[in-house]
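Engineer: Here is my input; please provide its structure:
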Amino acid sequence: MRRHPAPDATASTGQGSSAIATNAHRTFPGRVLWRLADPRSLRWKIAAGVAAAACAMALGIGILVHRTTEDRSMNIGRATAIDALHSAEAEYRKGQPTHQAPSAPPTYATGDDVPDNLRDQLGSSPGPVTWYDTRKPLHGPLMWAASRIDGTVLAVSVDMGSEQRSLQALDRHMRYAATATLAAVVPLTLLAAELPLRRLQRVATTARRIRHGELDARTKSRGHDEINEISSAVDLMADALQERLQREQHFTADVAHELRTPLTALVTAASLLPASEATDLVRDRVQTLRSLVDDLLEISRLDAGAEQADTQPVPLGDLVTESVHRTGLETRVTVSGHPVAETDPRRLARIVTNLVLNAHHHGAPPVEVTVDATTIVVRDHGPGFPEDLLAHGPQRFRTGAPERGHGHGLGLTITLGQTQIIGARLTLTNTTPCGAAATLKLPHRKG
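Structural biologist: Purely as a prediction, here's the structure:
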């Protein structure tokens, strides 16, 4: 079942799982919290989109309000400056000197006191003209109005500092309001997105359960939206997959049962043949065919779900040593102490035998079996398990090494099924610098 070494790959299975899963599919502590805090999560993408839309809207409204308020302030400033200019013109025409009352906001200027920019803007026209003066920001901007009377330039200025401060305060308050709105929108968006995301997570959980062999898993989502369409599609896919797999399982069982009767007759006939080299070859092929049919029958029983473990206290050291001895292959067995486990001895012996045979057939010597407490490790020094096996688990009639030309891929499949029945956990890993290890962890003995 091996092809190329993959030293860092790991595969495992537990009770209730029908395939070997990689480390990426295991549940780690804190995984839920990481999913909530993961910036790549859809909830944060939705929140970021809503936040960006809210910022864009706040920016657009802020710019519109700022410009509208600024234009209004400018218009008011120009009107105030022109009104003050008209008052100054009336005083000038009456022959009264222009002055500024102590409490009056306008400031009058004539002659050289008129700013050059305002004088250039006025030119030779009688006016009036206005000019917004920002040259003295410490004292606040000024709105100037000027006209020409009998060749004399008369100008008046109005302080615009209060309008500027009001505009700055408005901008500041809009920023505060936008920040507060954003602080409220993001949590509300996360809460609003939680319900559809939970529904999507249920669909993903159902798909993962189906991936790991729970073909009866269904989402059963309610509603008439796109998420419900996805849920229905996944459920329909699971129904079709379950139906197809059941047909294949029934076909395998029927074929195995149909082959058993003629095979029994074939075994009997082979035993009656006279001794010869051809007879030995026929008997060997018949025995191989018999083993294949027995494996198919065993798989059909495991698929039917009718198998149950007959547990009892088992001395692991003796059972593993005897199982390895029955294979007739050179294997080193190391037992620590006198471990005892509550398990089914027949099924455990089958598991150990299959693992040892797989290590010899697809690995390289030395093959070592270690028993420590309730953990059994079968290790070889071959090329290691192929990545496909570690990623998807053992598959029937796929050895993972077609170039080797032997094996039907049922050994690890049976081992996996028996492991589930006795409630153990099987982990397949590649070791460094070479080799593969199958670690079987039995449940602890009760009491």
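Engineer: Below-threshold pLDDT in the stretch 251-400 of the chain: ranges please.
Structural biologist: For the stretch 251-400 of the chain, applying pLDDT under 70 flags the ranges 302-306, 391-400.
Engineer: hey, where'd the helices end up in it?
Structural biologist: Taking DSSP state H, counting those that start in this stretch to define them, one finds helices in the stretch 251-400 of the chain at 277-304, 316-327, 345-362, 387-392.
Engineer: Name the stretch among the ones you listed that sits most buried.
Structural biologist: When you average the neighbours per residue for each of those (mean count of other CB atoms under 10 Å), helix 345-362 leads with a mean of 22. For glycine as for every other residue, the C-beta is placed from the backbone atoms N, C-alpha and C.
Engineer: need the contact list for L182.
Structural biologist: If you count contacts by CB atoms under 8 Å, 6 or more residues apart in numbering, L182 has them with A51, A54, C55, A58.
Engineer: Out of the helices of the stretch 251-400 of the chain, which gets nearest to S157?
Structural biologist: With respect to S157, and counting by CB to CB, the nearest of the helices of the stretch 251-400 of the chain is helix 387-392 at 81.2 Å.
Engineer: hang on, the earlier thing: indicate which one of the helices of the stretch 251-400 of the chain is closest to V65.
Structural biologist: helix 387-392 (58.5 Å).
Engineer: need the next SSE after that closest one, C-terminal direction.
Structural biologist: Later in the chain than helix 387-392, the nearest helix or strand by DSSP states H and E is helix 411-421.
Engineer: Tell me which other helices or strands that next one touches.
Structural biologist: Counting contacts by 3 or more CB pairs under 8 Å, 6 or more residues apart in numbering; DSSP states H and E, helix 411-421 packs against strand 10-13, helix 277-304, helix 345-362, strand 425-430.
Engineer: and the angle for that helix with helix 345-362?
Structural biologist: In terms of direction (axes from the mean of the first three to the mean of the last three CA atoms, to 10 degrees), helix 411-421 departs from helix 345-362 by 150 degrees.
Engineer: ok now the host helix or strand of K45, how far from the chain's centre?
Structural biologist: Assignment of secondary structure by DSSP H and E places K45 within helix 42-93. In terms of CA atoms, centre = their mean, to the nearest Å, the centre of helix 42-93 is found 46 Å from the chain centre.
Engineer: model confidence over it, on average?
Structural biologist: When pLDDT is averaged along helix 42-93, the result is 87.
Engineer: and of the helices and strands packed on helix 411-421, who's closest to A47?
Structural biologist: strand 10-13 (35.3 Å).
Engineer: Please list all residues in contact with the nearest residue to T327 once chain neighbours are set aside.
Structural biologist: Using CB to CB, 6 or more residues apart in numbering and skipping the chain neighbours, the partner closest in space to T327 is V356 (5.3 Å). By CB under 8 Å, 6+ apart, the contact set of V356 is S323, V324, T327, L329, T331, V367, V369, V378.
Engineer: wait, which of the helices of the stretch 251-400 of the chain is closest to T205?
Structural biologist: Set against T205 and scored by CB to CB, these come closest in helix 387-392, at 19.3 Å.
Engineer: follow-up on the earlier one: output the contacts of V356 in CSV; the columns should cover distance to L241.
Structural biologist: Below are the contacts of V356 laid out as CSV (distance: CB to CB, whole Å):
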residue, distance to L241
S323, 36
V324, 38
T327, 36
L329, 38
T331, 39
V367, 37
V369, 37
V378, 32
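Engineer: What number of residues are in the vicinity of K94?
Structural biologist: Residues near K94, counting by other CB atoms under 10 Å, number 7.
Engineer: wait, L170
Structural biologist: Around L170 there are 15 other residues, counting by other CB under 10 Å.
Engineer: In terms of helix, strand or coil, where does it fall?
Structural biologist: Secondary structure of L170, reduced to three states by DSSP: H, G, I helix; E, B strand; the rest coil: helix.
Engineer: who are the neighbours in contact with it?
Structural biologist: So L170 contacts V65, H66, T69 (CB under 8 Å, 6+ apart).
Engineer: and which of those is nearest to I210?
Structural biologist: Using CB to CB, the contacts of L170 come closest to I210 at V65, 55.1 Å.
Engineer: so G140 is in which element?
Structural biologist: Applying DSSP H and E, one finds G140 in no helix or strand.
Engineer: circling back: what helices and strands are in contact with the helix holding K45?
Structural biologist: Applying 3+ CB pairs under 8 Å, 6+ apart, we find helix 42-93 packed against strand 129-133, strand 142-149, strand 152-159, helix 161-211.
Engineer: let's go with 6 Å and repeat that
Structural biologist: strand 142-149, strand 152-159, helix 161-211 (3 or more CB pairs under 6 Å, 6 or more residues apart in numbering; DSSP states H and E).
Engineer: Mind listing the strands the first one pairs with, and their directions?
Structural biologist: Here the strand partners of strand 142-149, with direction, are listed using DSSP bridges: strand 129-133 (antiparallel), strand 152-159 (antiparallel).
Engineer: what pLDDT, on average, does the longest one get?
Structural biologist: What it means is strand 152-159. Mean pLDDT, strand 152-159: 83.
Engineer: can you pull the buried residues of that strand?
Structural biologist: Neighbour counts over strand 152-159 (16 or more other CB atoms under 10 Å) mark V153, L154, A155, V156, S157, V158, D159 as buried.
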